[in-house]
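>>> Got a predicted structure plus its sequence, pasted below:
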Amino acid sequence: MTLLELQRRMAEAVMLPLTRTDTMQQKARNGRSMMAEAAAFIKPNDRLTSFERLEIYNRQYWFRIISAFAEDFPGLGAVVGQAAFEKLTRAYLTDCPSQSFTLRNLGSRLETWLLEHPQYAGKRLELALDVVRLEWAYIESFDNATERALTIADLGQLDGESQLSLQPHLRLLHLLDAVDDFVIDVHRRQASQGVASNAVTSAKHLRSRRLPASLKRGDIYLGVHRYENAVYYKRLEREEYLLLRALDAGSTLGEALDQAFTSSPLPEDQRPARVQAWFANWAELGWFCRHKTAAARRTARKRVN
Amino acid sequence: MPANRFNGFTEYGVGIGLRIPHYQHIFEKKPVVDWFEIISENYMVDGGRPLQVLDQILDQYRVVQHGVSMYFGSAQPLSREHLKRLKTLVRRTNTPWLSDHLCWGSVDGRYTHDLLPIPYTWEAVKVTAKRIRQVQDYLEIPIVVENVSSYAEYHESEMAEWEFLNEVVEAADCGILLDVNNIYVSSQNHSFDPLTYVNSVPSWRVAQIHIAGHSKYRKYILDTHDHPVIDPVWSLYARAIERCGPTATLLEWDDNIPSFDEVHAEALKANRYLKRATVPNLPPGALNKVREHPLETR
């Protein structure tokens, strides 16, 4: 067996989903006995069979990634409930194993996966998706780059043809439920532990906080951003969100303003003052940076996933 | 050997791992610590608080980078993106050497995030040494490989773990981060004499030593880094220091982390052995080199 063949075989076994009681399954994905599979490349010793030795790694793999995932998405746990969250976690991580050297990116495909597997969210799919978007935005905002911010003076030079880029740490969200306060509260209660050397992770039961009895429904527009190295959720007006969204998509300032105020109830005579106030606030928060092409921004985002 | 080309000719004393629960204590109390070891992956990010914290630490302390995902023993090519990020961090920290594990953990783009044992074969020696050399060439700093704890052995293995380690470091011409706790854990899991391991390691390549605690189960031991160091591990450490001389030493404590002072006090127990250390073993022919370059420094 070559090194590569052995590693593929070992990885397949290590990543095999655990049983309900957190033991290694008796059958591999291809139906082969795991006893025979383990014996094919792992030596037994005087205390443990090949199966039992392989099982240590199998359990360790799942305990580690389940624990990391639970740390990243505590709000989702609260929305779907503890038992459903455990099922969702294992199903997602089976379908979407880590493709990155860092566990930080473990949830990068969760929104797409949940849309394709709505049954894991139960009756609260929209709410679950909102929370996933918000929790992933938090991760992105926490440690994405900060480019040199444009000042209010820089912004004063803009005209209708100008293009602007948003800071890589700024994420724009349109949510259907007012979950921001709830998610903030959940995250505040949880202190991150970071990655620790090569220590074995113990099995930790996923504990989730309960969702408040009622959450306000309705369009919520958010800018998830970092300021002085803390992540904030800033509520935006609908037009404000649309303007930023259009600029982020590469529209010129003129085009973005048109898109923002299409079907806006805001009286036309109030718009200039409102836009000016937004820009002053955004400049203060350092949300804009020198324009990058869409391709450059895609490359920068791809680098971490 | 205390200062050698594998640890950038530094003479670091006793350090501890930089962990989040200790941040506040470190910034408020500014304790005297010889050096901190950071997990590279925690800081291979583009911005935010992790880098802010790191910069604050770098202002006041010496830092050495320790990685958990280079997977020197993986059969497939290295990730360029990973290397680029690592190099950016190396420039930031000025780490005198960089350590990662003698293990594998990813295949076909899927990551296990575990330190899986390599089969001790000649093919693996070649593959692993080549990857270490590539990393060393790219990062332009000494690379040091750490022996891992293991819970399984492969039928494919053609040599003992310490023989494999020696072959790899010789072929790659790199240093060793000797983890005496990992040696102890593996020796109990695979029934070998840990002293044979410690006595077989080329002492002149040892750049750093790790000590840690572990958890004992009925049929095996797990490397949990959540207890004080036990006496048999201190004995191995004493023997390693006897052979290598006073070497940079780091205590790992990663779960159920006690107060900073408790962790630091446990680490400083290493001084009992370091202060007794005398002349280390030297590589073959080294005495001639020492006479030619008696005060070689970087």
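Structure received. Computed from a predicted model, the values in this text were never measured in an experiment.

>>> Count the neighbours of residue 261 for me.
With no chain named, the answer covers chain A. Other residues near A:Phe261 come to 17 when the count uses other Cβ atoms under 10 Å in any protein chain shown. Placement of C-beta: from N, CA and C, glycine included.

>>> hm, I was asking about chain B
Neighbour tally, B:Asp261, other Cβ under 10 Å: 12.

>>> Now do it, the pLDDT please.
With respect to pLDDT, B:Asp261 scores 96.

>>> That one: what's it in contact with?
B:His25, B:Pro31 (Cβ atoms under 8 Å, 6 or more residues apart in numbering or on different chains).

>>> Ok, A:Gln7 next?
Counting by Cβ under 8 Å, 6+ apart, A:Gln7 touches B:Ser74, B:Ala75, B:Trp104, B:Val107, B:Leu116.

>>> swap in B:Ala265?
Here B:Ala265 is in contact with no residue (Cβ under 8 Å, 6+ apart).

>>> Could I get the phi/psi values of it?
Reported as degrees, to the nearest 10, the phi and psi values for B:Ala265 are phi -60, psi -40.

>>> again with B:Gly175
Per degrees, to the nearest 10, the backbone of B:Gly175 is at phi -90, psi 180.

>>> How about the residue of chain A positioned farthest from its centre, nearest residue that isn't a chain neighbour?
Taking Cα atoms, centre = their mean, the residue of chain A most remote from its mean C-alpha position is A:Asp46, at 44.8 Å. Residue nearest to A:Asp46 in three dimensions, not counting chain neighbours: B:Ser191, with 7.1 Å by Cβ to Cβ, 6 or more residues apart in numbering or on different chains.

>>> Could you do A:Tyr61 as well?
In space, A:Tyr61 is closest to A:Val14, 4.8 Å off (Cβ to Cβ, 6+ apart).

>>> So the one you found is in contact with B:His113, correct?
No. The criterion here is Cβ atoms under 8 Å, and A:Val14 misses it with B:His113 at 10.3 Å.

>>> Spit out the residues that contact those two alike.
Counting by Cβ under 8 Å, 6+ apart, the residues touching both A:Val14 and B:His113 are A:Tyr61.

>>> what's the host helix or strand of B:Ile132 packed up against?
B:Ile132 belongs to helix B:122-139 when elements are defined using DSSP states H and E. Counting contacts by 3 or more Cβ pairs under 8 Å, 6 or more residues apart in numbering or on different chains; DSSP states H and E, helix B:122-139 packs against helix A:3-14, helix B:80-93, strand B:143-146, helix B:161-172.

>>> how about a markdown table for those, with distance to B:Pro2 and mean pLDDT added?
Below are those laid out as a markdown table (distance: least, Cβ to Cβ, whole Å; pLDDT from 0 to 100):
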| stretch | distance to B:Pro2 | mean pLDDT |
| --- | --- | --- |
| helix A:3-14 | 36 | 98 |
| helix B:80-93 | 21 | 97 |
| strand B:143-146 | 14 | 98 |
| helix B:161-172 | 18 | 98 |
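
>>> Most tightly packed of those?
Stretch with highest mean neighbour count among the helices and strands packed on helix B:122-139: strand B:143-146 (a mean of 28; mean count of other Cβ atoms under 10 Å in any protein chain shown).

>>> which helices and strands does that strand pack with?
Where contact means 3+ Cβ pairs under 8 Å, 6+ apart, strand B:143-146 is packed against strand B:98-101, helix B:122-139, helix B:161-172, strand B:175-179, strand B:206-212.

>>> Which residue would you name as the spatial centre of chain B?
The centre of chain B sits closest to B:Leu177, judged by Cα atoms, centre = their mean, with a distance of 3.6 Å.

>>> need the contact list for that residue.
By Cβ under 8 Å, 6+ apart, the neighbours of B:Leu177 are B:His66, B:Ser99, B:Val144, B:Val145, B:Glu146, B:Asn147, B:Val206, B:Ala207, B:Gln208, B:Ile209, B:His210.

>>> Run through the bridge partners of the residue lying closest to it once chain neighbours are set aside.
Among residues not flanking B:Leu177 along the chain, B:Glu146 sits closest, at 3.8 Å (Cβ to Cβ, 6+ apart). For B:Glu146, the beta-bridge partners under DSSP bridges are B:His101, B:Leu177.
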